[in-house]
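Enquirer: just to be clear, the model below is a prediction. Sequence and coordinates:
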Amino acid sequence: MPAPIGGLNAVDSVAGMPPTDALVLDNFFPQPTFVQLRNGATAYTTGLPSWVESFIPYDDKSGVEHLFAVSNTAVYDCTSSGAVGAAVVTGLTNARWESTNIGTAGGQFLYACNGVDKPLYYDGATWVKVDGASSPAITGVTTTNLFCPKLWKNRLWFCEVGTTKAWYLGTQSVGGAATALDVSTQFPRGGFLAAILTFSLSSATSFDDYIGFLSSEGDLAVYQGSDPASSTTFAIVGQYRLGKPVGRRCWFKYGADAIIICSDGLVSVARVISVGIQQAKDALSYKIQQLVNNDVAASSGNYGWMGVVYPFGNKIIVNVPETTNSRYHQYVQSTISGAWCTYGLLQSPWNAACFVVSGDKLFYGGNGATYQADVGRSDNGSQIFGSMEPAFNYFGTDRNKRFTMLRPIMLTDGAITPALGISLDFQTVLPSGMPTFSSPGGAIWGTSLWGVGLWSSGLTVQKEWQTVYGIGFSAALYMQIATTGSQVQVLSFDWVMSDGGTL
């Protein structure tokens, strides 16, 4: 039987699920031809005072990427690994910020807002808390009420806390008079402006950028144009009804599209606009919809919901805060195959309050530290524990069977002994034993002595039989693997069974 490269399936009947899908796939990432135990994480910057709840990336015009992190009530430079130095900004109310970059003829600039403090402005050298008298200054609005900064068509846009007003500056401006756009007439279910999103759409004759205003109730108003002060060049082109958005960071960019995290799941704005109505099968999260809905019902009020696209790892990662600043898990999709899995739902969590991609690397914010993720074979020295339960299978016949032997076919550079259990007729049974492992041998580059240490033999096939016992019409295996140093790729499974006849 093949490995579950089709990923998690929470939409089909357990009796009719494709054999390449899985009921459980935790810390195993589905590749196109095998399922791989996920990579690990390692501490990148340490010495932060509390949970890192926000990243603020800044890229200057020379291409140098800087990464700032917000912890407790201050901002820290986390561009280089190691212990952080003194805070670059202090005196903040909280660590829950959003940011955007804007380039003008005068340079590259950053704006960050949290809807409580004055917005933070950074020009590559100096941080400014922006109000009506600072330099630069934003006038015409109480700046402490601004959040969700976005760049669209050479303008900075902001939401105002607890209102239906969006505010915008002049083209290629980092300060000046702000102008309000009240979108309350586009929200038939009421509520306040929860987010501003940007995306692009193309047709046979045109291609354009759009801006969307999303209400706390899930009403989406989409506008097209250039100058929001002119009704002849800026107007609404569509109004759509979605589920309620989840969290302050309720959407993320995916290519030209915008993906909204809401009670409908992960909704593609481009798909909603092209179809005209949100349907369950149109959601990016369709195969795991029930799982996402359960998490939204249980944890929608917790802080930490967000999505991030990680191109180098071919992944979309959606963060779920089970308990704010304590316990998190992630839904992870392969951008190649569209298959889903979970990270840390059962064991070995990445307790990530936030994620960011910087310099093609994936980082997350933890308690007192930032971590580089999707690297190495351990979680900062701790074991990675993976669990999978592929779909139940009748093995081509509806007759009763006696199952006696199982073996996973794996590629690994270590010695892995998985714990195997057999589930019969849709009743999940966990393995009774514990998985064991030993780290791969061989020389380590930069550590071992040249001409003395032996190179690792690389990945080798491992296919050890284990005894199981069960009688039933259908069966599924439950496999658990643990390691702190090995790469593990699961290719397929072999079963031994005998025909028990009919009952």
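Expert: Sure thing, it's come through.
Enquirer: what about dumping the CA coordinates of stretch 137-154 to CSV?
Expert: What follows is stretch 137-154, C-alpha atoms only, in CSV (Å, rounded to 0.1, in the frame of the first residue of the first chain):
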residue,chain,number,x,y,z
ALA,A,137,3.6,63.3,10.9
ILE,A,138,0.1,62.0,10.1
THR,A,139,-2.6,64.6,10.6
GLY,A,140,-6.4,64.4,10.5
VAL,A,141,-6.7,61.2,12.5
THR,A,142,-5.8,60.0,16.0
THR,A,143,-2.8,57.9,15.1
THR,A,144,-3.1,55.6,18.1
ASN,A,145,-6.3,54.2,16.6
LEU,A,146,-4.6,53.0,13.4
PHE,A,147,-3.9,49.3,12.6
CYS,A,148,-3.5,47.0,9.6
PRO,A,149,-1.1,49.2,7.5
LYS,A,150,-1.2,48.3,3.8
LEU,A,151,0.5,49.5,0.6
TRP,A,152,-1.8,49.7,-2.4
LYS,A,153,-1.1,51.6,-5.6
ASN,A,154,1.6,53.8,-4.1
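Enquirer: what residues sit buried inside it?
Expert: Using 16 or more other C-beta atoms under 10 Å as the test for burial, stretch 137-154 gives 137-138, 141, 143-150, 152-153. The way it works is simple: take the backbone N, C-alpha and C, and place the C-beta from them, glycine included.
Enquirer: with stretch 175-182 instead?
Expert: The neighbour-count check on stretch 175-182 (16+ other C-beta under 10 Å) flags G175, A178, L181 as buried.
Enquirer: what count of nearby residues applies to the closest residue to V14 other than its chain neighbours?
Expert: Nearest residue to V14, sequence neighbours excluded (C-beta to C-beta, 6 or more residues apart in numbering): F426, at 5.2 Å. When counting by other C-beta atoms under 10 Å, one arrives at 15 neighbours for F426.
Enquirer: same thing with D360?
Expert: 10.
Enquirer: which member of the buried residues of stretch 175-182 is positioned nearest I273?
Expert: Nearest to I273 out of these is L181 (C-beta to C-beta; 20.4 Å).
Enquirer: for the closest one, list each beta-bridge partner.
Expert: A166 (DSSP bridges).
Enquirer: same thing with D59?
Expert: E65.
Enquirer: now do it, the pLDDT please.
Expert: If you check D59, the pLDDT there is 92.
Enquirer: for it, what are its contacts?
Expert: For D59, the contacting residues are E65, H66, N101, Q108, by C-beta atoms under 8 Å, 6 or more residues apart in numbering.
Enquirer: same thing but at 10 Å, please
Expert: By C-beta atoms under 10 Å, 6 or more residues apart in numbering, the contact set of D59 is E65, H66, L67, N101, G103, Q108, L110, G124, S358, G359.
Enquirer: what does S173 give?
Expert: S173 sits in contact with I102, T104, P136, I138, N154, R155, L156, where contact means C-beta under 10 Å, 6+ apart.
Enquirer: G243: how many residues sit nearby?
Expert: Using other C-beta under 10 Å, G243 has 18 other residues around it.
Enquirer: in a helix, it, correct?
Expert: No: assigned with DSSP: H, G, I helix; E, B strand; the rest coil, G243 falls outside any helix and is coil.
Enquirer: okay, it: pLDDT?
Expert: At G243, pLDDT is 92.
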